[in-house]
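> my questions concern the predicted model and sequence given below.
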Amino acid sequence: MRDSLSFSGIAVKSFIVLSFALNSVGSVGAAGPADEAAIRNAWTLYTQQKYVPSADAFEALIRTSTPSSRLYYYAAAANKAAGRLPRAKQLCDYISANFSTSAEAGYVQKLFPSDVSKPAAAAPAGLPSHLKDKSVDELMQTEEGRQALLSAVSKPAAGAPAATKTATTSTASRTVYSPSKSRPKDTVFTADIIAIEGADGITQFVNYPDAGFECSLAAMAMLTRGREILADMITCPSHQDVYIVRFPNNAGEHTITPAKMEKYMMKDKALWAAIIHGAVRETNLVHSFEDGLSLLTGHKAEKILANNTTQSALASFISDAISKQYPVVCLSSDSSPSPELVEWYHGFTITGYDAASGMITLRNPHGNNSRRFRMETDPNHKKFEQLNGGFFKIHISLFPLYFKEVARSQI
């Protein structure tokens, strides 16, 4: 992605912005999730520096899709690059006002550096009592919430708006990376663009060893240095639908086109993930669980057997990787013991370890579509805790019962 994809926030003036945005998509009830193929096509136009067609394509999506921070973020980028600055600012206003806790709200703060950022607006007054403590982002997820917002913004404001509910997340910190070295020529993505969707931009497939690769790709997408490496892998010399992928410390060069992505059935939400996925299918280099990490980092991954390692050595292996910001992944056992707490024979990304509690935090590559589990005999979550977005925590004493391999790699 070019430098024009740096974003900046705009001061929120009023909920007229919300009213405008809702009206711009037509009937709220008729709007649905954005067509991912259409988003990818609009994004491809951007990478080809066809900014006006790209902006037009995103505007068409806005008119027919449920509002989302990601869609408006891309539309703002395309409109700014196309020279439509008032529209780009308007879209940034909408993101700041209505998706204040999203990653995109942070990135829009670089689009127009001369503007002074102000606190994001909260949900308007006049909502039903059971909806008053919800943020605009939460309200937009349900038909009741959307209709309540439309009704509220059509009435005169009465007093100061209620405070926006602060959202929390279990995902890794999305720090914007500032390259300390020159980037490869003709790169089309940046670390901050990869951070927008992050691990959620990767579609999980069920075939082994795909699970090992996908949890490794997710691990890279959740780390600052990892995102830089992923961005530098992909170039587009002709600015057409032809991408070149070069893996670190690997002499191979892989040409990926839309036809190849279709052939390999790469349907990732994020274009960068689909491109890398397609290149991996061409390499035929991923055979064992740890091969994905080795390929993506350019360094041979280290692997230990969880059920053949002391608890202290296991804790050291994981905590050392976490402290050094190395990607670390694990493979679950061939069958699940009782109680069932994880998908068996499945790859997971390890994202944290708390030595005080002994709890390891993991992420299922299925993300929000992950199965949820609970440990009936552990109501206080001392041994297991199910979180949102595919995340969960498991005590290190239970880890060898449910997982058999752990791999890490330097980056």
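Structure received.

> make it CA atoms for all contacts and neighbour counts henceforth
Will do.

> which of the three states applies to residue 244?
Secondary structure, DSSP: H, G, I helix; E, B strand; the rest coil: residue 244 is strand.

> pull the longest strand along the chain out as CSV, backbone CA atoms only.
The single longest strand within the chain, with elements called by DSSP state E, is strand 347-354. Output of strand 347-354 as CSV, limited to C-alpha atoms (Å, rounded to 0.1, in the frame of the first residue of the first chain):
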residue,chain,number,x,y,z
GLY,A,347,-3.4,-25.7,15.3
PHE,A,348,-3.6,-22.7,17.7
THR,A,349,-1.6,-19.5,18.2
ILE,A,350,-0.2,-18.8,21.6
THR,A,351,-0.6,-15.1,22.4
GLY,A,352,0.3,-14.9,26.1
TYR,A,353,1.4,-16.5,29.3
ASP,A,354,0.9,-15.3,32.9
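
> which elements pack onto that strand?
For strand 347-354, the packing partners by 3 or more CA pairs under 8 Å, 6 or more residues apart in numbering; DSSP states H and E come out as helix 210-221, helix 311-323, strand 328-332, strand 359-363.

> any idea of the mean pLDDT in the longest one?
Meaning helix 311-323. Averaged over helix 311-323, pLDDT sits at 97.

> for it, buried residues please.
314-315, 317-319, 321-322 (16 or more other CA atoms under 10 Å).

> residues in contact with that helix: which ones?
Contact with helix 311-323 is made by 306, 327-328, 351-353, 355, 396-397, 408-409, as judged by CA atoms under 8 Å, 6 or more residues apart in numbering.

> and those residues, which two are the farthest apart?
Distance extremes for the contacts of helix 311-323: the farthest pair is 397 and 409 at 23.6 Å, using CA to CA.

> neighbour count: the two, which is higher?
Comparing residue 397 with residue 409 by other CA atoms under 10 Å, the one with more neighbours is residue 409, at 22 against 11.

> measure the nearest residue to residue 392 once chain neighbours are set aside to residue 359 for me?
Nearest residue to residue 392, sequence neighbours excluded (CA to CA, 6 or more residues apart in numbering): residue 386, at 4.5 Å. To residue 359, residue 386 is 12 Å away according to CA to CA, to the nearest Å.

> any common contacting residues for the two?
With CA under 8 Å, 6+ apart, residue 386 and residue 359 have common neighbours residue 393.

> neighbour-wise, which of these two wins?
Comparing residue 386 with residue 359 by other CA under 10 Å, the one with more neighbours is residue 359, at 24 against 18.

> from residue 318, how far out is that one?
11 Å.

> identify the contacts common to those two.
residue 353.

> any low-confidence regions in the protein?
Scanning the chain for pLDDT under 70 picks out 1-32, 110, 112-185, 205-211, 239-240.

> tell me which stretches of the chain form strands.
Under DSSP E, the chain gives strands at 234-235, 243-245, 254-256, 302-305, 328-332, 347-354, 359-363, 384-386, 391-395, 403-408.

> which one of the ones you listed is the most hemmed in?
Mean neighbour count (mean count of other CA atoms under 10 Å) peaks for strand 328-332 among the strands of the chain, with a mean of 27.

> strands paired with that strand, and their directions?
Using DSSP bridges, the strands paired with strand 328-332 are strand 347-354 (antiparallel), strand 403-408 (antiparallel).

> could I get the ones you listed as CSV with distance to residue 227?
CSV is the format used below for the strands paired with strand 328-332 (distance: least, CA to CA, whole Å):
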stretch, distance to residue 227
strand 347-354, 15
strand 403-408, 16
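
> returning to what we had before: out of the strands of the chain, nearest to residue 217?
Nearest of the strands of the chain (CA to CA): strand 347-354, 9.1 Å.

> what residues does that closest one touch?
Residues contacting strand 347-354 (CA under 8 Å, 6+ apart): 172, 211-212, 214-216, 218-219, 318-319, 322, 327-332, 359-365.

> same thing but 7 Å
211-212, 215-216, 218-219, 319, 322, 328-332, 359-365 (CA atoms under 7 Å, 6 or more residues apart in numbering).

> please apply the same query to stretch 402-411.
290, 293-294, 297, 299-307, 321, 326-333, 336-337.

> next up, the contacts around residue 216.
Taking CA under 7 Å, 6+ apart, one finds 292-293, 329, 349 in contact with residue 216.

> show me which pair in these is furthest apart.
292 and 349, at 12.1 Å, using CA to CA across the contacts of residue 216.

> ok, residue 250 - how many residues close by?
10.

> gap between it and residue 229?
For residue 250, the distance to residue 229 equals 13 Å [CA to CA].

> cool, and residue 245?
12 Å.

> same check, this time on residue 38
Distance from residue 38 to residue 229, by CA to CA: 27 Å.

> more crowded one of those two?
residue 229 (21 against 14).

> gap between the more buried one and residue 371?
For residue 229 relative to residue 371 (CA to CA), the value is 31 Å.

> again, but for residue 245
Taking CA to CA, one finds residue 245 at 33 Å from residue 371.

> what does residue 303 give?
27 Å.

> likewise for residue 322?
In terms of CA to CA, residue 322 sits 25 Å off from residue 371.

> same check on residue 94?
33 Å.

> higher neighbour count, the two?
When residue 94 and residue 371 are compared for neighbours, residue 94 comes out ahead with 30 against 13, by other CA under 10 Å.

> for the residue nearest to residue 382 when sequence neighbours are not counted, give the beta-bridge partners.
If the residues on either side of it in the chain are set aside, residue 382 comes closest to residue 395, at 7.4 Å by CA to CA, 6+ apart. Under DSSP bridges, the beta-bridge partners of residue 395 are residue 359.

> I'd say residue 395 and residue 378 touch.
No: checked against CA atoms under 7 Å, the pair residue 395 and residue 378 is beyond contact range at 11.3 Å.

> out of the strands paired with strand 328-332, which gets nearest to residue 48?
Between residue 48 and the strands paired with strand 328-332, the shortest gap by CA to CA is with strand 347-354, which sits at 33.3 Å.

> what's the angle from that closest one to strand 359-363?
Strand 347-354 and strand 359-363 are oriented at 150 degrees to each other (axes from the mean of the first three to the mean of the last three CA atoms, to 10 degrees).

> relative to strand 391-395, how tilted is strand 347-354?
Put simply, strand 347-354 runs at 60 degrees to strand 391-395, going by the same axes, to 10 degrees.

> ok now strand 347-354, how far from the chain's centre?
Relative to its chain's centre, strand 347-354 lies at 16 Å (CA atoms, centre = their mean, to the nearest Å).
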